[in-house]
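**Q** no letters, just coordinates:
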């Protein structure tokens, strides 16, 4: 290979590296997990926090094919889902649509907190939207499993 061909290849390679699109960080918008419970009659609770100040959102929750929350606006204060014993083998589906209504940031976040099982668990779903006013859809599937 001639010197001029090698030089041209190097220049083309450098030029391509400069023009490559940077990967977009889409965050983490979905969750599929197991929440460990015991066989007790102690309550398992759920709390959902819509993070990033000034953002708004709506949540729907289905527990074992039954709609337990529909169209709830904003964060959800901690509430009992049921006992460890009754939740065993059930699956909860959470869908939250968060809207970027803050002028300060395009960062959207949903925090899911579960208590009362084997241990406290917190899951953070997040996304930065490209433009103000856009939405992010966060979906979660959580199976309750007795150990």
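**A** Alright, I've got the coordinates. Computed from a prediction, not measured in an experiment: that's the story for all the values here.
**Q** need the contact list for the residue most central in space within the chain.
**A** Centroid-nearest residue in the chain, with C-alpha atoms, centre = their mean: residue 125, separated by 2.5 Å. For residue 125, the contact set (C-beta atoms under 8 Å, 6 or more residues apart in numbering) comprises 27, 28, 29, 30, 31, 96, 109, 110, 111, 112, 138, 140. (Each C-beta comes from the backbone N, C-alpha and C, glycine too.)
**Q** how about it: what's its closest non-neighbour residue?
**A** Beyond its immediate neighbours in the sequence, the residue positioned closest to residue 125 (C-beta to C-beta, 6 or more residues apart in numbering) is residue 138, lying 4.3 Å away.
**Q** can you select the buried ones from the contacts of residue 125 in PyMOL?
**A** Entered in PyMOL, the line below selects the buried ones among the contacts of residue 125, by 16 or more other C-beta atoms under 10 Å:
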select buried, resi 27+29+31+96+109+110+112+138+140
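**Q** contacts for the lengthiest strand in the chain, please.
**A** Using DSSP state E, we find that the single longest strand of the chain is strand 135-146. With contacts defined as C-beta under 8 Å, 6+ apart, strand 135-146 is touched by 27, 29-39, 44, 84-85, 87-100, 108, 110, 112, 114, 117, 123, 125, 127, 129.
**Q** in it, what's buried?
**A** 136, 138, 140, 142, 144, 145.
**Q** do stretch 75-89 as well
**A** Going by neighbour count (16+ other C-beta under 10 Å), the buried part of stretch 75-89 is 76, 81, 82, 83, 84, 87, 88.
**Q** from the residues you listed, which is closest to residue 57?
**A** Residue 57 has its nearest neighbour among the buried residues of stretch 75-89 in residue 76, at 10.2 Å by C-beta to C-beta.
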